[in-house]
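# coordinates only, sequence not included:
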Ligand SMILES: C[S@@+](CC[C@H](N)C(=O)[O-])C[C@H]1O[C@@H](n2cnc3c(N)ncnc32)[C@H](O)[C@@H]1O
């Protein structure tokens with residue numbers, strides 16, 4: 001069954017307004033493949049019936065629809081380099097400039113938690129280099145299902161194999177006896193990260209100021225005006241010496257005047273200093 005033009009127009013508009021995710025017509029197949037199972041799970045025969053139910057004002061269904069359309073691809077130490085840069089370039093800078101001894105980190109589209117937990121492991125492994133510093137890691141996402149999984153800290157063998165070194169697996173996880181293929185994160189590490197719902201299109205007022213923000217592999221789904229708005233508001237959440245990590249395919253070019261490249265490292269940005 002193919003998605004009708006009117007249903008596509010209605011759905012793509014709804015998804016963009018609610019989440020920022022922009023879907024051009026060549027992504028029709030994505031809407032179909034993600035929303036048909038959702039329609040069926042509500043005993044609806046097709047996407048038109050789903051659209052009619054949403055038009056009828058079913059707010060819960062809109063939430064499920066947005067969650068179905070998010071792409072939650074992630075892995076431990078994804079791309080590796082940002083985590084090395086965090087240790088070798090960013091943390092010495094933060095240590096030199098942080099004035100309250102509390103390093104605040106925000107993973108602004110954390111998916112199932114591998115990114116903030118990778119940072120937590122990095123910090124734990126290097127804690128001897130950070131005497132007197134405490135760390136507060138906040139992790140947010142629009143998708144409550146992934147946040148639930150992230151806060152449980154339970155990962156499959158497949159998820160573990162993607163990027164987690166065996167030494168860190170042995171140190172920070174235990175194999176669950178009754179679920180042979182699953183690994184549970186130890187409580188000390190799990191408690192280092194606080195997960196909560198935040199839609200990047202909405203206010204960041206509850207978040208406060210940060211030394212480091214990771215906002216990786218989410219801006220790629222948005223239109224330039226949305227990227228620009230988000231980058232400007234993330235810049236406002238940085239402490240004066242704070243830095244922002246973007247994904248390797250993401251850039252600030254032509255999107256914000258508030259940020260500039262940190263130490264010529266393409267994926268890290270800091271506030272432009274007043275001239
Ligand atoms: C591809 S994952 C990236 C995860 C992680 N940052 C990484 O790089 O591995 C993108 C995440 O962005 C989230 N997302 C999409 N739109 C969002 C929005 N408007 N506000 C907050 N999170 C959003 C999705 O739910 C998804 O978990």
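Nice, I can see it. Here the structure is a predicted model, which is why all the values come from computation and not from measurement.
# give the contact list for residue 261.
Residue 261 makes contacts with 252, 268-270, as judged by CB atoms under 8 Å, 6 or more residues apart in numbering. Heads up, the C-betas are built off the backbone N, CA and C, glycines and all.
# can I get those residues in CSV with pLDDT and neighbour count?
Output for the contacts of residue 261, formatted as CSV (pLDDT from 0 to 100; neighbours: other CB atoms under 10 Å):
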residue, pLDDT, neighbour count
252, 96, 19
268, 97, 21
269, 97, 26
270, 97, 21
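# for residue 205, helix, strand, or coil?
Secondary structure state of residue 205, per DSSP: H, G, I helix; E, B strand; the rest coil, is coil.
# next up, the contacts around it.
Per CB under 8 Å, 6+ apart, neighbours of residue 205: none.
# quick one: it from the ligand, how far?
Counting by CB to the nearest ligand atom, to the nearest Å, the gap from residue 205 to the ligand is 15 Å.
# buried ones in stretch 21-29?
Buried residues in stretch 21-29, counting neighbours by 16 or more other CB atoms under 10 Å, are found at 21, 23, 27-28.
# from those, which is closest to the ligand?
residue 21 (5.7 Å; CB to the nearest ligand atom).
# picking that back up, now, which of the buried residues of stretch 21-29 sits nearest residue 193?
residue 21 (24.6 Å; CB to CB).
# for the nearest residue to the closest one once chain neighbours are set aside, which residues are in contact?
Computed as CB to CB, 6 or more residues apart in numbering, the closest residue to residue 21 that is not its neighbour in sequence is residue 221, at 4.7 Å. By CB under 8 Å, 6+ apart, the contact set of residue 221 is 20-22, 71.
# now swap in residue 201 and tell me
Going by CB under 8 Å, 6+ apart, residue 201 touches 18-20, 226, 230.
# which of these come close to the ligand?
Applying CB under 6 Å from any ligand atom, the subset of the contacts of residue 201 adjacent to the ligand comprises 19-20.
# from the contacts of residue 201, which land in helices?
18-19, 226, 230 (DSSP state H).
# just say helix, strand or coil for the residue nearest the centre of the chain.
For the chain, the residue nearest the mean C-alpha position is residue 109 (1.6 Å; CA atoms, centre = their mean). Of the three states, residue 109 takes coil under three-state DSSP.
# which ones among the contacts of residue 261 map onto strands?
When DSSP state E is applied, those are split such that 268-270 fall in strands.
# nearest to the ligand, of the residues you listed?
Closest to the ligand, out of all of the ones in strands among the contacts of residue 261 and judged by CB to the nearest ligand atom, is residue 268, at 14.4 Å.
# give me the nearest residue to the closest one, chain neighbours excluded.
Closest to residue 268 by CB to CB, 6+ apart is residue 262, at 4.2 Å.
# might one say that the one you found is in contact with residue 272?
No: between residue 262 and residue 272 there is no contact under CB atoms under 8 Å: 11.0 Å.
# looking at these two now, which is surrounded by more residues?
Taking other CB atoms under 10 Å, residue 262 and residue 272 do not tie; residue 262 has more neighbours (20 against 12).
# the more buried one bridge partners, please.
residue 265 (DSSP bridges).
# ok, now residue 135?
The partner residues for residue 135, given DSSP bridges, come to residue 103.
# what are the ranges of the helices in the stretch 151-275 of the chain?
157-161, 166-172, 187-190, 224-236 (DSSP state H, counting those that start in this stretch).
# if I look at the nearest residue to residue 110 once chain neighbours are set aside, how far off is the ligand?
Closest residue in space to residue 110, ignoring its immediate chain neighbours: residue 139 at 3.8 Å, by CB to CB, 6+ apart. According to CB to the nearest ligand atom, residue 139 stands 9 Å off from the ligand.
# contacting residues around the helix or strand harbouring residue 138?
Secondary structure from DSSP states H and E places residue 138 in strand 134-141. Residues from elsewhere that reach strand 134-141 (CB under 8 Å, 6+ apart): 101-111, 113, 115-116, 119-120, 123, 147, 150, 192-198, 207, 210.
# over to stretch 86-103?
The contact list for stretch 86-103, computed with CB under 8 Å, 6+ apart, reads 119, 122, 126, 129-130, 132-136, 211-212, 239-241, 243, 245, 262-263, 265, 268.
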